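Asker: Would you be able to build a 3D model of this:
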Amino acid sequence: MSFASKLRTAYDVIVIGAGPAGLAAASTSAEAGLTTLLLDENQAPGGQIYRAITFSPLKNSPVLGQDYEAGINLVSSCEKSGADYVAGCTVWSLDRERVVGISRDGEARLIKAERVIIATGALERPFPIPGWTLPGVMTIGAGQTLLKSSGLIPEGRMVLAGQGPLLWLYAAQVLRAGGTIEAICDTTPLKNYIDAAPYLPSFLLSKYWMKGLGLIREVKRKVKIINGITKLSAEGEGKVKRLVWQAGGRSGAIDADVVMLHQGVVPHVNLAMAAGVKHEWDNVQACFRPVLDESGNTNVHGIMIAGDGAGIGGAESAAERGRLAAIDSVSALHPDALSKVPARDNVRNALAKSMLGRKFLDLLYRPTKPFRIPQDDATIVCRCEEITAGEIRASVAIGATGPNQLKSYRRTGMGPCQGRLCGLTVTELLAYERGKTPDEIGYYRLRSPVKPISLAELASMPQDDVAIKAVVRG
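Answerer: From the prediction side, this is the model:
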C-alpha cells in the first residue's frame, strides 16, 4: 500500500524531524487533539542525540550513558499520542503557504498544514583542514552514528581532534566500548577560558558541569591529551596515515588509521531558509540562526522552529522548545484544548533551567578563526565540487561579492549537500577577504527542492493546482 494513501491531505500540525524537539512537539499537539503528522528521514525515531534508541545493540548498556536512555520516554509518548508518523522519507520542499513536499519509496506528495514545526536539529560545523577529505577522516558525529546504530567503533589507530562536549562524550563512549584512542588534539585556546570565565557561576548551577568534568577525567586517565593546538593537517596517500599538529612552538605527527574531527554543531538552516524564514548571524555561536519569538514563531506565518535548529542548546532544551511550539499551536488552533497540554510557564521554566550555563559552553568551545577560515589555499572548502580556499580567494579578487555570486564563479554550494558542508566556511571566508561581517555577506539563497528528488517522484504527484504551483515555484 502506498505510504501516501495512509495520510490525510491536510493536517493541523506537521512536525519535521523526529529528534527530541520533534517527538515532544508531535506528542504534545496530538494529545491535545490536533491532527498531527511527524516526518523524519531516518528509519527510526530519535534524531542524532537519541539515534537508534528503539533498536541500538548498546541500548540499556553503560556505554552510551543514562542521558541516552532518556530518549525512550519521548519515543513512547509520541507513539501513544496518536500522531501519524512517516519514517524514511525525504522532506524536499516547504513554502510560505505551509505546503510540505515529501517523498518515499519513489512517490512524492504535497501536504498542507495550519502549522509547521521545523525540528531538523543541528549539523556538525565544517572543520576544513588540509586532508579532511581523505578516506579515514570522518566526523565524530558520524562515528557516534555507527556506535549507536550498530555498536561499532573504527578499527586501527584512532586520533580525535577538535573541541566541544561531544568530543569528550564520544571519547568516553569509545573507551567504555573497549576501544583505544592514540591521542586527542584539543584545539580550545586559552583565550576561550578567559572569555568564558564570567559565565562560570551560572554553569556551576547547572547539572552539566559535574557530568562534563566526569567525562573529561574519565578520558584523561586513559588518553594522551595535546592541548593548545593551533594547526592541523591530515596526511596520507589515498588514505589518512598521520595527523600533523602544531601547538604554539611545539609540533608533531601522530600515526593514524582513523582521524575523527569535531568543533561543535550549528543549526540546520536549509529548509527554513528555503521557506523564507529570516536568519541572523550569532557571533557567539558563530553561525546563522533563525529570528524567533519565545514560542518559536518565525516571520513566516504558521512556520515555527524548535530544538537545536533554533539555536544550540542540547537535548533537554530541544524537547522543551518542541513543547512550547506545540502549546502555541494548540493555543492558536484549538484553545479549548489547552487544559490537555503542559502549562506554558512550567515549560518555560524547564527550558530556562536546561539552558543554565549555555553561554559558558558557547564561549569556551567557540572555534578559532584558523579552524573556521582555512589559511592554506590548497584546503578544500566545497567537498561536492572540490573547490579550494585559494580558488574562492581568487574569485573574490576578480569580483565575487557573496555566496550566490560565487555559485556562478565556482559552483560552490550546488552539489548534493546544497551547501550544508561548506555554507558557513564560504560565508566567513568571503567576509574575511572582503572586510565585512558574515551578516553583510549573507548565506546561500536556498530554494526547493532542498534535497534531491527524481523526476519520477515529481511525476507521481497528483496533477492538481497545488502540485503544479509548487513545481513551477521550485
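
Asker: how deep is the closest residue to Pro126 other than its chain neighbours tucked in, by neighbour count?
Answerer: Leaving out its chain neighbours, the residue that sits closest to Pro126 by Cβ to Cβ, 6 or more residues apart in numbering is Thr425, at 4.8 Å. C-beta here means a position set from N, CA and C on the backbone, and glycine is covered the same way. Thr425: 24 surrounding residues under other Cβ atoms under 10 Å.

Asker: what helix or strand is Thr425 on?
Answerer: helix 423-434 (DSSP states H and E).

Asker: hmm, back to that, how much space between the residue nearest to Pro126 and Tyr443?
Answerer: To Tyr443, Thr425 is 11 Å away according to Cβ to Cβ, to the nearest Å.

Asker: for Ala32, same thing?
Answerer: For Ala32, the distance to Tyr443 equals 35 Å [Cβ to Cβ].

Asker: any residues touching the helix or strand harbouring Leu363, and which ones?
Answerer: Assigned by DSSP H and E, Leu363 belongs to helix 358-364. For helix 358-364, the external contacting residues (Cβ atoms under 8 Å, 6 or more residues apart in numbering) are 165, 188, 192-193, 195-196, 199-200, 202-203, 208, 284-285, 312-314, 317.

Asker: how about the helices in the stretch 1-150 of the chain?
Answerer: Ranges of helices within the stretch 1-150 of the chain are 20-31, 66-69, 71-81, 140-150, based on DSSP state H, counting those that start in this stretch.

Asker: deepest of those, which one?
Answerer: Most buried of the helices of the stretch 1-150 of the chain, by mean neighbour count (mean count of other Cβ atoms under 10 Å): helix 20-31, with a mean of 31.

Asker: Summarise which helices and strands that helix is packed against.
Answerer: Using 3 or more Cβ pairs under 8 Å, 6 or more residues apart in numbering; DSSP states H and E, the elements in contact with helix 20-31 are strand 10-16, strand 36-39, helix 71-81, strand 107-118, helix 315-333.

Asker: rewinding a little: isn't the residue nearest to Pro126 up against Phe127?
Answerer: No: judged on Cβ atoms under 8 Å, Thr425 makes no contact with Phe127 at a distance of 9.2 Å.

Asker: roughly how far apart are Lys207 and Leu215?
Answerer: 13 Å.

Asker: what does Phe55 give?
Answerer: In this view, Phe55 and Leu215 are 25 Å apart by Cβ to Cβ.

Asker: and whichever helix or strand Ala352 is part of, which residues are buried?
Answerer: Ala352 is part of helix 344-354, with elements assigned from DSSP H and E. Neighbour-count burial for helix 344-354 flags Arg344, Val347, Arg348, Ala350, Leu351, Ser354 (criterion: 16 or more other Cβ atoms under 10 Å).

Asker: Near the residue nearest to the first one when sequence neighbours are not counted, how many other residues are there?
Answerer: What sits nearest to Arg344 in space, not counting adjacent residues and going by Cβ to Cβ, 6+ apart, is Ile327, at 5.4 Å. Under the neighbour criterion other Cβ under 10 Å, Ile327 is assigned a count of 23.

Asker: again, but for the one 10 residues further on
Answerer: Using other Cβ under 10 Å as the criterion, Ala337 is surrounded by 15 other residues.

Asker: got it, and Gly228?
Answerer: For Gly228, the neighbour count with other Cβ under 10 Å is 15.

Asker: can you check Phe203 too?
Answerer: 18.

Asker: What average pLDDT does the one helix or strand it maps to get?
Answerer: With secondary structure defined by DSSP H and E, Phe203 is part of helix 200-204. Mean pLDDT, helix 200-204: 93.

Asker: Now Leu94: closest residue in space, sequence neighbours ignored.
Answerer: In space, Leu94 comes closest to Ala275 once its chain neighbours are excluded; the distance is 4.5 Å by Cβ to Cβ, 6+ apart.

Asker: Repeat that for Pro45.
Answerer: With sequence-adjacent residues excluded and distances taken as Cβ to Cβ, 6+ apart, Pro45 is closest to Ala18, at 4.1 Å.
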